[in-house]
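1. Predicted structure and sequence below. I'll ask about it afterward.
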2 protein chains.
Amino acid sequence: MKFYDCATAPSPRRVRVFLAEKAITIPTIQIDLRNGEQFTPAFRAINPECTVPVLVLDDGTSIPDAIAICRYIEEIHPDPLLMGRNTAERAIVESWQRRVERNGFYAVMEAFRNFSPGLRGRALPGPDAFEQIPALAERGRARVQHFFAWLNARLADYEFICGPDFTVADITGLVTVDFAGWAKLKPPEEMTHLRRWHAAVSARPSAKA
Amino acid sequence: MKFYDCATAPSPRRVRVFLAEKAITIPTIQIDLRNGEQFTPAFRAINPECTVPVLVLDDGTSIPDAIAICRYIEEIHPDPLLMGRNTAERAIVESWQRRVERNGFYAVMEAFRNFSPGLRGRALPGPDAFEQIPALAERGRARVQHFFAWLNARLADYEFICGPDFTVADITGLVTVDFAGWAKLKPPEEMTHLRRWHAAVSARPSAKA
């Protein structure tokens, strides 16, 4: 297997943290997103959508999506399970992972990509150019505040997002809160549950990934 | 189990088609989204995010996400498998399902929800009010055209989105193309591969769901 990564980018960090929790190392190739390496013919041959992460299997099959990669790794290296231990848990973890991604990760992406001067004309990842929409940056910032409040309320009742166990939903949550910092958005002091959880997941060795 | 549905809405249709492919019937409760039933205290008790679909298990566990529901059903009723038959296939199906959803379904949602007069102040699903952004409706329309071209290119080489087998990625694709019709966006005549596939998946009995 080969893992196409970009050490500074949030999306592939989800996979890096997932691998670190399972203590797995995969030969890794860094793609320099800042200098446009994702748009070169060489990388387009690996992923025509010009995004990382990508996992390429030994038979050449390419898996160009963070959560699809995590599912593959979960099945070949089940210890520790990070996507649920039985049918109901797997559905619950998936529903939380997807909601944290939709309500949080995509909202930060809206806020950051529609604002950052370095991303003019690149408001969405991928091969197609889209101009920034200032109103969308503003909406993204409002959505991130809703997301913080929603997650804080959840974490008032549970140690981790899905309950007593650390799961891939916590990985998406951790990466999202840290990514929000790029848009200068931080959970406010009074959100004590969210801050307690963020300190705990940030203290795990995997968070350095 | 109980399935909370809205017979006219695209998101829960993904689950309805999935259930129909497996010939499963689940007791179903219709939620009248048009008249705001999703915002009533009774429905908020089932899903505080005010969206359908929701699957409620016999022990009261609530699964409020279309794809998480499909995964649950896939495990308890594996025949026919719609999310892959082995580890690599499951990852590939997931990567396509997620890309069709991100590049297609969410793009149509942008185009439709930021334009439809009936959705003023409701540009995103969920409990929080967001005003429509006209530039986002326009961007959504452009993204849907890119999505059509991308899917047409894929379907030049494969019978279904993931290869020779019908999967959940085709269900997301079918629902997305039909949903695009709500925003008066249709695959153009010259996209013969996409139109061939759309005619084929629309002719399956499950498409009536």
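-> Sure thing, it's come through.

2. Which residues does the longest helix seen in chain A contact?
-> Longest helix in chain A, counting residues (DSSP state H): helix A:134-157. Applying CB atoms under 8 Å, 6 or more residues apart in numbering or on different chains, the contact partners of helix A:134-157 are A:100, A:103-104, A:107-112, A:114-115, A:123, A:161, A:173, A:176, A:180, A:183, A:185, A:187-188, A:191-194, A:196-197, B:124, B:128, B:130, B:133, B:135-136. (Each C-beta comes from the backbone N, C-alpha and C, glycine too.)

3. Among those, name the ones in helices.
-> Per DSSP H, the contacts of helix A:134-157 map to helices at A:100, A:107-112, A:173, A:176, A:180, A:192-194, A:196-197, B:135-136.

4. Just the buried ones among these, please.
-> A:100, A:107-112, A:173, A:176, A:180, A:193-194, A:197, B:136 (16 or more other CB atoms under 10 Å in any protein chain shown).

5. now, among those residues, which is nearest to B:Ala209?
-> The closest of those to B:Ala209 turns out to be A:Val100 (CB to CB; 28.9 Å).

6. Tell me the pLDDT of the closest one.
-> At A:Val100, the model reports a pLDDT of 98.

7. Please apply the same query to A:Arg204.
-> 98.

8. dump the residue contacts of A:Arg44.
-> Counted by CB under 8 Å, 6+ apart, A:Arg44 has contacts A:50, A:127.

9. same thing but at 10 Å, please
-> A:Arg44 sits next to A:38, A:50, A:127 when contact means CB atoms under 10 Å, 6 or more residues apart in numbering or on different chains.

10. ok, and the closest non-adjacent residue to the second one?
-> By that I understand A:Cys50. A:Gln38 (4.3 Å; CB to CB, 6 or more residues apart in numbering or on different chains).

11. since we're on A:Glu190, how many residues are nearby?
-> 8 (other CB atoms under 10 Å in any protein chain shown).

12. Which pLDDT does the model give it?
-> So A:Glu190 comes in at 98 (pLDDT).

13. Per-residue pLDDT of the residue of chain A most remote from its centre, please?
-> Farthest-out residue of chain A from its mean C-alpha position, per CA atoms, centre = their mean: A:Asp59, at 26.4 Å. Note on A:Asp59: pLDDT of 96.

14. Quick check: it touching B:Ala88?
-> Yes. Between A:Asp59 and B:Ala88 a contact is recorded at 8.1 Å, counting by CB atoms under 10 Å.

15. Is there a neighbour count for A:Glu159? I'd like the number.
-> 14.

16. Tell me who's in contact with A:Gly163.
-> A:89, A:92-93, A:96, A:157, A:169.

17. That one and chain B, how far apart?
-> 11 Å (CB to the nearest CB, to the nearest Å).

18. so that residue bridges to which residues?
-> A:Phe160 (DSSP bridges).

19. could you measure it against A:Ile92, distance?
-> 8 Å (CB to CB, to the nearest Å).

20. intersection of neighbour lists for the two?
-> A:Ala169.

21. all strands for chain A, in order.
-> For chain A, applying DSSP state E gives strands covering A:2-5, A:28-30, A:54-56, A:62-63.

22. wait, isn't A:Asn47 in contact with A:Ser62?
-> Yes. A:Asn47 is in contact with A:Ser62 according to CB under 10 Å; the separation is 6.4 Å.

23. Tell me who's in contact with the closest residue to A:Pro127 other than its chain neighbours.
-> Leaving aside its chain neighbours, A:Pro127 sits nearest to A:Cys50 (4.8 Å; criterion: CB to CB, 6+ apart). Counting by CB under 10 Å, 6+ apart, A:Cys50 makes contact with A:31, A:33, A:36-40, A:43-44, A:64, A:125-128.
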